[in-house]
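Trainee: let's see this in three dimensions:
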Amino acid sequence: MRMSLAQRVLLTWLFTLLFLIMLVLKLDEKAPWNWFLIFIPVWIFDTILLVMLIVKMAGRCKSGFDPRNGSQNMKKKVWYLIAMLLKLAFCLALCAKLQRFTTMKLAYVFIPLWALLIGGMTELGYNIFYVRRD
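Mentor: Numbers count the residues shown, from 1 in each chain. Sure, this is the predicted structure:
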């Protein structure tokens, strides 16, 4: 299953627009929805990305695949998987805090986001400053 760039952009735009409309309605107190309901477009989009990532990673398990060809690519996919799980953890903790299901401090809610940002900066620095010596 391959999507063109235009389809990916349209899908991203559509889910972002739907999330922002629902968020504005909640913040304007026009809709008395649960915070978990507001984040459904984000979770649907993340689920689509996770399924596509897992399918690509599972493709390495088929017979005849040489693991030496894509070890760097696999590391990148594992980082993407970890990043998606950290984002999911942040969204769940944020919704639980906003819905008052938990009394944890806001600083603890942001730990997955901080870990994601530090990992992203590390990945960016590695990609910019790493010089391959072949």
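
Trainee: which helices and strands sit right next to the strand or helix carrying residue 46?
Mentor: Residue 46 belongs to helix 40-58 when assigned by DSSP states H and E. Helices and strands touching helix 40-58, as assessed by 3 or more CB pairs under 8 Å, 6 or more residues apart in numbering; DSSP states H and E, comprise helix 5-27, helix 71-98. In short, each C-beta sits where N, CA and C put it, glycine included.

Trainee: in CSV, please show the C-alpha coordinates belonging to that helix.
Mentor: Taking Å, rounded to 0.1, in the frame of the first residue of the first chain, the C-alpha atoms of helix 40-58 are listed here in CSV:
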residue,chain,number,x,y,z
ILE,A,40,-9.6,11.1,18.3
PRO,A,41,-8.4,12.6,15.0
VAL,A,42,-4.8,12.6,16.3
TRP,A,43,-5.1,9.0,17.4
ILE,A,44,-6.6,7.8,14.1
PHE,A,45,-3.8,9.5,12.2
ASP,A,46,-1.1,8.1,14.5
THR,A,47,-2.7,4.6,14.2
ILE,A,48,-2.5,4.8,10.4
LEU,A,49,1.2,5.9,10.6
LEU,A,50,1.9,3.1,13.1
VAL,A,51,0.3,0.4,11.0
MET,A,52,2.2,1.6,7.9
LEU,A,53,5.5,1.6,9.9
ILE,A,54,4.9,-1.8,11.3
VAL,A,55,4.0,-3.2,7.9
LYS,A,56,7.3,-1.8,6.5
MET,A,57,9.3,-3.2,9.4
ALA,A,58,7.6,-6.6,9.1
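
Trainee: in it, which residues are buried?
Mentor: 41, 42, 43, 45, 46, 49, 50, 53 (16 or more other CB atoms under 10 Å).

Trainee: want to try CSV for these, with distance to residue 98 and pLDDT as columns?
Mentor: Formatted as CSV, the buried residues of helix 40-58 follow (distance: CB to CB, whole Å; pLDDT from 0 to 100):
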residue, distance to residue 98, pLDDT
41, 16, 95
42, 13, 94
43, 15, 93
45, 19, 92
46, 18, 92
49, 23, 88
50, 23, 90
53, 28, 87
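
Trainee: no more questions from me, cheers.
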